[in-house]
Structure formats: C-alpha cells, structure tokens
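**Student:** Return atomic coordinates for the entry below.
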Amino acid sequence: MLAVRFATTSGDVRLGRLDGDQITDAGAAPAIGFDSTPEAWSSIAAAAGTTHAVDSVQLLHPVHPGKLIAIGLNYRDHAEESELDIPEVPVVFSKFSTSLIGSGQTIVIPREETRPDYEGELAVVICKRTYRATLDNALESVGGYTAINDVSGRRAQLETPLRQFVYGKSFDTFGPLGPAIASVDGVDLGNIDVSTTIAGEVLQSSNSRNLIFSVAQIIEYLSRGITLEPGDVIATGTPGGVGDGRNPKRYLRDDETVEVTVSGVGTLSNPVRFEH
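**Tutor:** Here you go, the predicted model:
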C-alpha cells in the first residue's frame, strides 16, 4: 500500500492512497503529513473518497518529520570512492526539514554552489516513540519506507577541514522525498533496490543488503540517546556512483532531471535548475 500527500488545483492539501496513476482521497492532511502510524495506515486503507489522476495534482513530500536524520558512508563502495575508512559506527548527520520537496518539484542550485551532487537513498519512517530499541525489536519502530535524494552541495560541504555536512546538504530544495510512503507489511528492508538515473544513464544501482549498518542497527544506535518520534525520517545512506566520486566528476546540470527509484515505492523525479 502506498500513501501520498498532495495538493489539488484549488490548493487543498490532502492525503491519499496511490493505486497506479490514481489517488483515492483519504481526507485533509494533518500538519505532520503521513506519519506511518498504524492509525494513519488504517485511514489510507479505508479511503473511499474522490479519485484524482496523479498528473492532475502536485505530489508533495509525504511527511513533515520532526527529525530528518541521515547516515553517511553506509555502503562500502561509497566509502571507498570517498577515500575514507569504513566506519566502525554509523556516521550521523541531519538535514533541515526546510530542504524537503516532493516528486516533480524543482531542485534549485544556489549560484555559489559549483559542485551539486545527487545521492539516491532508501529512507525509513518511524511509526512509534522509540528509546533504546534493541536489534530484535528495532524494526517494530518502522511504519513505512520511501525514496530520498540527499542532494549535496560538495563545495559547501567540504569547504572547511571539519566538513559542513549539515550546511551543504540542507539548502532549500536539497531534500526531495517521495513520491509515496510504502507500507512495510511483508517487506524485507534488507532487500530493497535503490538506483539513481539521469537522462537514461544509471549512475547508482545497489540494494539495501549492501548497507554496512542495517536499518535495525541504525535505529538501535540512534535510540541509545535520541528519542525517535512518529514521522521522523532516517535516510540510510547512498551507494557508490555519486558524481563527486567519478572520473571525470559528474555533477548535476541545469535543466536535467534526476530520478531516484526505490523498489516498492516508485520513482522520485525532480528537475534541476540553477539559480541565476
């Protein structure tokens, strides 16, 4: 089952169930959007309202997370292309929630940023308040999963010796999320395909079984000292193939479209525009 948040032509923001190219209206969206709790999924399953063609509405990022947590260097090939050691514990940083946009919305590159990069990732959505999860019960805290593009301004990110991860990754529009949140019922989060494509060229292609730290390990580690809340989003890391790791380097370009596909979710598609 797939849940979306969308805006109608009249400007109303709604939640809905996505079936193919049709959305069944599930009512007005709460401020947090779709937080993937059991109650939220029940409302999506029961949706029987007006139907909308996907191309007649604007898809929005499906949830407003209180915390948008990201994990760095969580695929061996990405750590290697970054010329960094394989981490012994999860590398944790954050993105500001103001970076979020939905599928179809435009990634705008600030004019100072000369090295804009893509990072396609699997993201999971927390469905219940969680503190000190164990490896055995950590996945009970996940109510849904989706795609995220951890767009990265490498110039800003790497301009100081200590690396400005939060700044270089939190520019407005640098957090495409969606197009939908998929239910985790019957899904093996350790076997999810992730790919990034631009103009028909596959630039990243991997599977969550290649994560250095699994989703359960990430949640267990984070919740030792951070209480995770419903609607919080965790981006689990990007595989190798990012533009900054290529020879020659391949950064985002004006007027192209970048697509991140996560199996079971669909394709997160965003045009790119340089600020002029």
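**Student:** Which residue ranges make up the domains of the chain?
**Tutor:** 2-60, 68-274 (automatic domain parsing).
**Student:** OK, contacts around Glu80?
**Tutor:** Residues counted as contacts of Glu80 (C-beta atoms under 8 Å, 6 or more residues apart in numbering) are Gly240. Every C-beta, even on glycine, is put in place using the N, C-alpha and C of the backbone.
**Student:** C-alpha coordinates for the strand or helix carrying it, PDB please?
**Tutor:** Using DSSP states H and E, Glu80 falls within helix 76-81. What follows is helix 76-81 as a C-alpha-only set of coordinates in PDB (Å, rounded to 0.1, in the frame of the first residue of the first chain):
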ATOM      1  CA  ARG A  76      31.400   0.100   1.300                       C
ATOM      2  CA  ASP A  77      31.700   1.300  -2.300                       C
ATOM      3  CA  HIS A  78      30.700   4.900  -1.400                       C
ATOM      4  CA  ALA A  79      33.200   5.000   1.500                       C
ATOM      5  CA  GLU A  80      35.900   3.700  -0.900                       C
ATOM      6  CA  GLU A  81      35.100   6.200  -3.600                       C
END
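**Student:** Start at 41, not 1
**Tutor:** Got it, the first residue is 41 from now on, which makes the last one we talked about helix 116-121.
**Student:** ok so, going back, and among the domains of the chain, the most buried is which?
**Tutor:** Ranked by mean neighbour count under mean count of other C-beta atoms under 10 Å, these are led by domain 108-314, which reaches a mean of 19.
**Student:** strands paired with the next helix or strand after the helix holding Glu120, and their directions?
**Tutor:** Next along the chain after helix 116-121, taking DSSP H and E as the criterion, comes strand 131-134. Strand 131-134 sits in its sheet next to strand 108-112 (antiparallel), going by DSSP bridges.
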